[in-house]
Structures are given as C-alpha cells and as structure tokens.
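**Student:** Below is the structure, and that's it, no one-letter string:
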C-alpha cells in the first residue's frame, strides 16, 4: 500500500442517504450528506442524539452502507450506494482505524497485544507487529502499561491504547465515536489533543463524533448534523 | 498471535474446570469401552488358557459355557483312542458361593485332570502347582486367599498352595483349581443326613426287587459310597478337552468324533464364538448403546460449552470484524479452543482412567484400537461442536461494536 499524498482526500462522501424501513415505516436517517476530509485534518461531528451522526460514521467506516451516494477512500471510489466496489473488510483492515466511547479492548490480551493484533491482522510478522505496537504505545504515552491487561488500566489509558490500535496500520482515516464520553473533562481534552497530534503527525484524516463543546478548539473543522442533514457549524474554530 | 491460547490463559480457571469435567465424561466413555473389552477378555480367558484343540460336550448341546453339558467321565478314554489325539482331559467347572472367615467367598471351581494335569500351565505369582490328588488348591489372587490358607469346602479342607493373577471366570469371579475329583466332591457335596437317606432309599428299592433279595452282597454295596456301585454310571463331567498330536488334522479328528451320536464336538474358536454370541452379546450391545449415548451427550455438552464461550466473546468478535480480521482469525479462535478442550479432555480422561480403572471390581481393558477410535471421535465432536459457535460468530455484525 502506497502512502497517500498529504493533500489528497482521506475520505470523500458524496450525496449519502440512508433510509431504514419501507413505506409508512420509512425513516430517513441521513439525507444527501456530502463530506470530504483531507489527510492530516481533524474534523468534529456534533449533533443531538438520533441526528444521524453514528449512521454517517458507520457508513464512512464501511460497515453500514448508505442507501444511495458514493464513498471514496484515498481518492478511490469503494462504495456506490449499497454496492461495494472492493473488498470492504480488507479496506477497513488496511486504511481505517476506529475508536469508540468505550475502548473495546480485547480483555484477554495485554495492551501491547491489543495493538499488535491489529498489525498481525494486516499480515505483519509478529516481531515487526510487536515493535510497531510498542512504538505506538510509547508515542501515546502508555509504554509502561504495555504488559497490563485492559482491566488493570484507567479509562484514559485504555482509550490511549485504543487510539494506538486504531493507528496500528497507518490508516488514512480514523473514525472516533464519542471517544471522551466516558472520561472526565481533563482526560477528555487530553484525548482530543491526542487526536489532533495523530492527525497532524500521522497524516491521517480524523473524524470525531463528540458532544463536548469545550474541546472544539482543537478541531480543524466542525460539522453539525440535524435530522440527517450535515452542515458546517457556524462556530468554526478560529484556527481554521 | 494465537487468540485461543491467550483467551485460555486469561480465563485459565474456567478452562481448567470445563476441561476436567469433559475429561471425566470422556473417562466414562473410555471406561465403557474398557469394561466391554474386559468382559470379553474374562469370558474367553479360561477357553484360551486351558489350551485345548477340541471340546467334546454333551450331544445336542452347545457346551458348558452356553448350557448344562453332562457327559460320562470315562468318555476321555474313548477319545484317547481316536487317531490324532494326544491327550484327553476331563473338564469340570462350576461356580460356588460359600463363606470363609465370616465373609462370602464366590469362586469358579475348576477341575484339573490329575495326574496328567497338575496346573503346570498356570502362570503362578506365588506358590507351586498341585502335588497331591486331594486337599490342595490353586486360587486366583482376586479371591483374597493367601498362600497357605486352609479353606473348608463341604466336608473337606483345602490348602492354597499356589496363587494366580487375573484368572477369572466368565462372570468375573476368581478361579480356584482343584483336581477333578476334588472339584466334583465340592460340587456334589451333600449333608450327611441326605447321604444316609439316599442310601436307605436305595436299600429299600433293592429289597422290593427279587433280584435284590437273592443278592445279599448287593445290599451291602448300596449302603456304601455311590462310586462303589457297579451298576451305576461313572460320574458326569462338563466336557472332555482334546489336545491333538503335532501335525494331526483338527477337522479330521473332529469329523471322527462327530460321528458319535452321544456327543458334539467344537473347536476352541467355536467355543469362544458360542460364548461371545451368547452371554456376552447382550452385554456388548447394552454397553455399546450406552457408550454411544455418552458420546452424543459429550458432543452436546461440548457444543454448549463452546457456544457459551463464543457468546461471551461476541462483542470482541464484532470488534475483530470491524478491524477487518479475516474469518479465519475468528474461526481459529473458536475451533482451536474446541480442539484444545477436546484433546486435553481426552488426555485427562486417559490419565484419570489409569488411576481409576484398576480399582474397578471387574477388569477394564483399554485397547489401543479403542483409544485411537475414541481419539478420532473426540476430534470429530470437537470440530462439530465448534460449528454452532462458528455459525453464531459468522452472523455477528461489526456494527454491534458501536451499540
């Protein structure tokens, strides 16, 4: 896999619509949503519950295809409506990283093994995968917890390991669904700053769904979703 | 990275308990096969050990292991006269239950055709073969009689002069070897009063006959031992065992004996077949069915265990799918655990069995062939049982991680 150019689009979603149900039971969760995120860019996605944020995130994550619309990753169209134009599982493995509200670490693996597993899933030899995992844990400041199981880590540490896991395969796009919801304000800010660092230093496009307005200043762009429609937030951070 | 091993390592206690439980279950399956093999071994042991080429039994019967067979003891003399016969022995075998030192003593009384047969062919673990025609016995160790023990059977007392190991009858009772005459004395022992009444009855019957009234010598004989009555048949035995000369044709000798209308001839293999198709067959089918049920139950239990273990990991499986893990990674986690559980359970069953089976009251024979086939079955049920978990895992939607 060749590294994408710094100014290339990590992801480009065009006219995404997602409709659940049929007839009278039809619910439009996402309506004509278009969004582009460049490599190295950190984007926030705001919106009330049920506004379609997670629907958009799962569509971009290639696990919940839109009813209509197209998604391109690194400039290549991979989804046209519900039709996959490539092996989405392989693409997720190679190009995408996920972080969630809960860290979702595998409890029977240590911190380093959780990260190493993501590398090995992507066919990296065990020794190189371990080196990469240790490097990432060091980068995210949890190297000393490498051999601890998730149950022995604090919430913030677990989330850092989850971020390390998301970065394991040098993804083009990192998708984070309310990653600070379970953390206190100080830790939440640390994690958001971590995402900024990841976006800028690891050259990944990062989309973060969040409710925390106090940390919006770290984002390059902020979008709001309401009733399935996406719009650029008027409260765009000064940095952009 | 082997996820199955890491999961086991992390949930070691649960895995050990589950595997031990499975091992105990498989030990019972293994034991059932062993009991069946033991049953066959014990049933055919005597036929094998006694070393006869042909068995001459009562005509129209299938021999002493299938039904009552009674032939005159002097038939052995007729058999010896047949060309090709090297040796003929009387075979007497019956089970008795008596009391010794206040405890029940159940044994198979086996007659040795003294003086030709002193029990030299028995593999003794202590003592010696018989050296005199009466009042000595060789006992199997399972009877619990020590060397030198004196056992009163009927009116006589017999001394244990030799000990064997693993010599049991078809019912699993230990064998005790006596001379044929002692074996018959034990079998036909009657209380003194019954003997007196029988002799009085004989005398009464004789006195009612003209023949009896004119032969006073006969009147003296009928009140004596039955063996001294010239008009009475010789004692009855169960069979006559025939050993052929080297190079003799067994079929030819059997054909000659088969022309005698009062007897029936079987080869040793035919005797064994009759034994197995008769008394052992039902036990074999019963144990076989029970074993099959246990295998099915083991399979169901394993499937449930693997399914439950998979349910516990559904969220992690969804996460793995979201990360783009191939199905092989997920299948490996489930199938490897099932196989490990099966293999370790099997190994534990074997180890437990080595300690437990010797304590069983009857012989448990663990046959290599049975071990291999059970190993194959365990592997099979391990794979089959993981299918249920695999099916569930394959249905997991990576979206569930976001739920």
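**Tutor:** All right, it came through fine. On a predicted model such as this, the values are computed, not experimentally measured, just so you know.

**Student:** Nearest to chain A: which residue in chain B?
**Tutor:** The minimum distance from chain B to chain A, using C-beta to the nearest C-beta, falls at residue B:324 (2.6 Å). For the C-beta atoms, the positions are set from N, CA and C on the backbone; glycine is no exception.

**Student:** What's the local residue count around that residue?
**Tutor:** Applying the criterion other C-beta atoms under 10 Å in any protein chain shown, we find 24 residues in the vicinity of residue B:324.

**Student:** host element of residue 137?
**Tutor:** No chain specified, so I'll use chain A. Secondary structure assignment for residue A:137, by DSSP states H and E: helix A:126-139.

**Student:** My question was about chain B, not that one.
**Tutor:** strand B:136-140.

**Student:** same check, this time on residue B:317
**Tutor:** Here residue B:317 is covered by helix B:314-322, with elements defined by DSSP H and E.

**Student:** residues contacting the spatially most central residue of chain A?
**Tutor:** Residue closest to the mean C-alpha point of chain A, counted by C-alpha atoms, centre = their mean, is residue A:175 at 1.0 Å. With contacts defined as C-beta atoms under 8 Å, 6 or more residues apart in numbering or on different chains, residue A:175 is in contact with A:57, A:60-61, A:96-99, A:207.

**Student:** Quick check, residue B:123 in contact with residue B:162.
**Tutor:** No. Because the distance of 10.2 Å does not satisfy C-beta atoms under 8 Å, residue B:123 is recorded as not touching residue B:162.

**Student:** now the strands for the chain?
**Tutor:** By default, I'm working from chain A. Under the criterion DSSP state E, chain A carries strands at the ranges A:9-20, A:27-38, A:42-46, A:68-73, A:76-80, A:83-84, A:96-99, A:173-177, A:205-209, A:221-226, A:229-232.

**Student:** nope, chain B please
**Tutor:** Under the criterion DSSP E, chain B carries strands at the ranges B:54-58, B:71-72, B:85-91, B:93-100, B:103-112, B:124-127, B:136-140, B:150-153, B:156-164, B:175-179, B:236-237, B:239-244, B:263-267.

**Student:** ok, back up a step: max pairwise distance over the contacts of residue A:175: which two?
**Tutor:** A:60 and A:99 (13.4 Å; C-beta to C-beta).

**Student:** and chain A, which residues reach chain B?
**Tutor:** Residues of chain A lying near chain B by C-beta under 8 Å from any C-beta of the partner chain: A:54, A:57-58, A:61, A:63-64, A:89-94, A:96, A:98, A:100, A:104, A:106-109, A:113, A:116-118, A:120-122, A:126, A:129, A:149, A:165, A:177.

**Student:** Buried ones from these, can you make that a PyMOL selection?
**Tutor:** Selection of the buried residues among those in PyMOL, burial being defined by 16 or more other C-beta atoms under 10 Å in any protein chain shown:
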select buried, chain A and resi 54+57+58+61+63+64+89+91+92+93+94+96+98+100+104+106+107+108+109+113+116+117+118+120+121+122+129+149+165+177
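
**Student:** tell me how far stretch A:133-141 is from the chain's mean position?
**Tutor:** On the basis of C-alpha atoms, centre = their mean, to the nearest Å, stretch A:133-141 is displaced by 18 Å from the centre of the chain it belongs to.

**Student:** who's in contact with that stretch?
**Tutor:** When contacts are defined by C-beta under 8 Å, 6+ apart, stretch A:133-141 is touched by residues A:111-113, A:115-116, A:119, A:143, A:145-146, A:160-161, A:163-164, A:167-168, A:194.

**Student:** just to revisit the earlier point, for the residue nearest to the centre of chain A, which residues count as its bridge partners?
**Tutor:** Judged by DSSP bridges, the bridge partners of residue A:175 are residue A:98, residue A:207.

**Student:** related to what we said a few turns ago, who has more neighbours out of residue B:123 and residue B:162?
**Tutor:** Set side by side, residue B:123 and residue B:162 show unequal neighbour counts under other C-beta under 10 Å, the larger going to residue B:162 at 21 against 9.

**Student:** Any idea what that one is bridged to?
**Tutor:** With DSSP bridges applied, the residues forming beta bridges to residue B:162 are residue B:127, residue B:138.

**Student:** where does the chain have low pLDDT?
**Tutor:** I went with chain A, as the question did not name one. Across chain A, the ranges flagged by pLDDT under 70 are A:1-7, A:182, A:235-240.

**Student:** that answer is for a different chain, and I need it for chain B
**Tutor:** When residues are selected by pLDDT under 70, those of chain B lie in B:226-234, B:401-403.

**Student:** residue contacts, whichever residue of chain A sits closest to chain B?
**Tutor:** Of the residues in chain A, the one nearest chain B is residue A:93, at a distance of 2.6 Å by C-beta to the nearest C-beta. Contacts here follow C-beta under 8 Å, 6+ apart; on that basis residue A:93 touches A:121-122, A:169, B:323-325.

**Student:** change it to 6 Å
**Tutor:** A:121-122, B:324 (C-beta atoms under 6 Å, 6 or more residues apart in numbering or on different chains).

**Student:** can you pull the contacts of the closest residue to it other than its chain neighbours?
**Tutor:** The spatial neighbour of residue A:93 that comes closest, neighbours along the chain excluded (C-beta to C-beta, 6 or more residues apart in numbering or on different chains), is residue B:324 at 2.6 Å. By C-beta under 6 Å, 6+ apart, the residues touching residue B:324 are A:89, A:92-93.
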